[in-house]
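In: sequence plus predicted model, see below.
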Amino acid sequence: MNSNELSSMPIWLYVVIAFILICQGSWMFWDARKRGYNAWLWGLLGLIQFPIYLIIYLIFVRKIFKRKVSGSNS
């Protein structure tokens with residue numbers, strides 16, 4: 001993208017992107033603080049880029065892919 005393409009983007013698109021990043025960063029901050037992880041780190045990473053750090057957060061902090069523990073109940 002050159003500077004002419006960036007200046008031709010509508011202002012509402014910048015507002016939507018900023019809103020998404022602020023919501024993502026805030027949620028990651030609050031959730032990490034609740035779970036006892038480094039809230040400032042995750043909050044700042046959430047403000048940088050969407051959705052890469054959100055996916056990383058969900059996999060490693062929230063552990064959305066949990067392993068089933070095999071064991072005998074008898």
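Out: Nice, I can see it. Numbers count the residues shown, from 1 in each chain.
In: next, count neighbours for Ala18.
Out: Other residues within reach of Ala18 by the criterion other Cβ atoms under 10 Å amount to 11. Every residue, glycine included, has its C-beta placed from N, CA and C.
In: average pLDDT for the lengthiest helix in the chain?
Out: When every helix of the chain is counted residue by residue (DSSP state H), the longest turns out to be helix 11-35. Mean pLDDT, computed over helix 11-35, is 94.
In: give me the contact list for it.
Out: Identification of contacts with helix 11-35 by Cβ atoms under 8 Å, 6 or more residues apart in numbering yields 38-51, 53-54, 57, 61-62.
In: distance check, the residue nearest to the spatial centre of the chain against Pro10.
Out: Centrality entry for the chain: nearest residue to the mean C-alpha point is Leu54, 2.6 Å, by Cα atoms, centre = their mean. Going from Leu54 to Pro10 by Cβ to Cβ, to the nearest Å gives 25 Å.
In: and what of Tyr53?
Out: Using Cβ to Cβ, one gets 26 Å for the distance from Tyr53 to Pro10.
In: what mean pLDDT does the helix or strand encompassing the residue nearest to the centre of the chain have?
Out: When elements are defined using DSSP states H and E, Leu54 is found to belong to helix 52-60. The pLDDT scores in helix 52-60 average 90.
In: list only buried entries from the contacts of helix 11-35.
Out: When the contacts of helix 11-35 are checked for burial by 16 or more other Cβ atoms under 10 Å, the buried set is Ala39, Trp42, Gly43, Leu45, Gly46, Leu47, Tyr53, Leu54, Tyr57, Val61.
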